[in-house]
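Colleague: with the sequence up front, the predicted model follows.
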Amino acid sequence: MSMLTLPALRSDDPLGFLAALGVLTVLRSETEVVDDELALGWERVGGPAVVQVPFDTLDELVDALHEAANRLLGEGRVFAAGPAELPPERLSKEERAKRKEEASEKVPLDPLRAISRADAIKWYRDLVQTRDPQALRWLCGFLDQISTLSDSHFAAVTPLIVLSRQQTSRQVCRGLLETVAANRRLIDQALRGWQRVAEQAGANLDWRAVRSAALRTDGTSQPAAVPGLEWLALQSAPWFRLSGEVERPMAW
């Protein structure tokens, strides 16, 4: 067992905090590391993360995370230990029309946001029968079985995935996975020192990645995200269960 410092994941930065939780999620579900061999702490308030892991060096930890990303991609999954159906694939025109008729309201383009609360509850009950605690954690982190959005039949979803234009949740998550699986260095940079990649919009988790035309001297828009960091941060979703009351969803 070793105690490794992750210099770029600091406790006073929300994105760094989420990514540190994401490291634990990937390790516990994709690398056969048991919970007793994992621990997370911080050197001090505002200091870097410190993890207890069965690796001797930071390079070995990066290798394990990179291998996990390639395994997920090869198996057609998007998230570590999550149900393969999360986030859902794009709906067909027929399916969108059916859901619109059933809900009597406009159906969101993103299929994750087009799941009714009743269907989310049924999905939860089905997973309870399978006795799969990891899949349940993901479902409860992605879909709210208690509250809905205002004046809607559809279940509230995790606030960690913010979409723009014609994006869907699966496109965003799979795009980040493909990017980091193809380049080990991006995961290394996420843990050691962030380096931004031009034209990478990421998952819209990082406000510093938004570089609109109004903020640039050349008058053009050019986002610059840290792909490895945002990929790890998205893996933290099951740590934040969704709850709420009627039309007031919240993550806790």
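Modeller: Looks like it came in fine.

Colleague: roughly how far apart are residue 179 and residue 56?
Modeller: 28 Å (C-beta to C-beta, to the nearest Å). C-betas here are computed from N, CA, C, even on glycine.

Colleague: can you pull out the strands in the stretch 101-250 of the chain?
Modeller: For the stretch 101-250 of the chain, the strands defined by DSSP state E, counting those that start in this stretch cover 143-148, 155-157, 197-198, 224-225, 242-245, 248-251.

Colleague: pick the most buried one from these.
Modeller: strand 155-157 (a mean of 26; mean count of other C-beta atoms under 10 Å).

Colleague: name the residues of stretch 101-119 that are buried.
Modeller: By 16 or more other C-beta atoms under 10 Å, the buried positions in stretch 101-119 come out as 107, 108, 110, 111, 112, 113, 114, 115, 116, 117, 119.

Colleague: stretch 12-28 now?
Modeller: Under the neighbour-count criterion of 16+ other C-beta under 10 Å, stretch 12-28 has 13, 15-28 buried.

Colleague: quick one: mean pLDDT over it.
Modeller: Per-region confidence: stretch 12-28 scores 94 on mean pLDDT.

Colleague: pairing partners for the biggest strand by length in the chain, with directions?
Modeller: Secondary structure of the chain per DSSP state E: the longest strand is strand 2-10. Strand 2-10 has its sheet partners listed here by DSSP bridges as strand 48-53 (antiparallel).

Colleague: what lies in contact with the partner strand?
Modeller: Applying C-beta atoms under 8 Å, 6 or more residues apart in numbering, the external contacts of strand 48-53 come out as 1-11, 16, 20, 23-24, 27, 33, 37-43, 61.

Colleague: of residue 179 and residue 56, who's got more company?
Modeller: Each of residue 179 and residue 56 has its neighbours counted (other C-beta atoms under 10 Å); residue 179 has more, 19 against 11.

Colleague: the nearest residue to the more buried one once chain neighbours are set aside: how many residues sit nearby?
Modeller: Once flanking residues are discounted, residue 179 sits nearest to residue 227: 4.6 Å by C-beta to C-beta, 6 or more residues apart in numbering. Residue 227 has 27 neighbours, counted by other C-beta under 10 Å.

Colleague: isn't residue 227 right up against residue 200?
Modeller: Yes. Taking C-beta atoms under 8 Å as the definition, residue 227 is a contact partner of residue 200 at 5.5 Å.

Colleague: mind listing the shared neighbours of these two?
Modeller: Taking C-beta under 8 Å, 6+ apart as the contact rule, residue 227 and residue 200 both touch residue 179.

Colleague: residues contacting residue 27?
Modeller: Listed by C-beta under 8 Å, 6+ apart, the contact set of residue 27 reads 33, 38, 53, 64, 65, 68.

Colleague: in stretch 51-59, what's buried?
Modeller: Residues of stretch 51-59 classed as buried by neighbour count (16+ other C-beta under 10 Å): 51, 53, 54, 55, 58.

Colleague: next one: stretch 173-185
Modeller: 173, 174, 175, 176, 177, 179, 180, 181, 183, 184.

Colleague: spit out the contact partners of residue 127.
Modeller: 83, 135, 136, 139.

Colleague: for the first one, give its distance to residue 90.
Modeller: For residue 83, the distance to residue 90 (C-beta to C-beta) stands at 17 Å.

Colleague: where does pLDDT dip in this structure?
Modeller: Across the chain, residues meeting the criterion (pLDDT under 70) sit at 103, 148-150, 199, 202, 209-216, 218-222, 246.

Colleague: which residues of it fall in helices?
Modeller: 14-30, 58-74, 93-103, 117-130, 133-142, 169-181, 184-192, 227-234 (DSSP state H).

Colleague: quick one, the third one and helix 117-130 angle?
Modeller: If I follow you right, that is helix 93-103. Angle of helix 93-103 versus helix 117-130, following axes from the mean of the first three to the mean of the last three C-alpha atoms, to 10 degrees, is 110 degrees.
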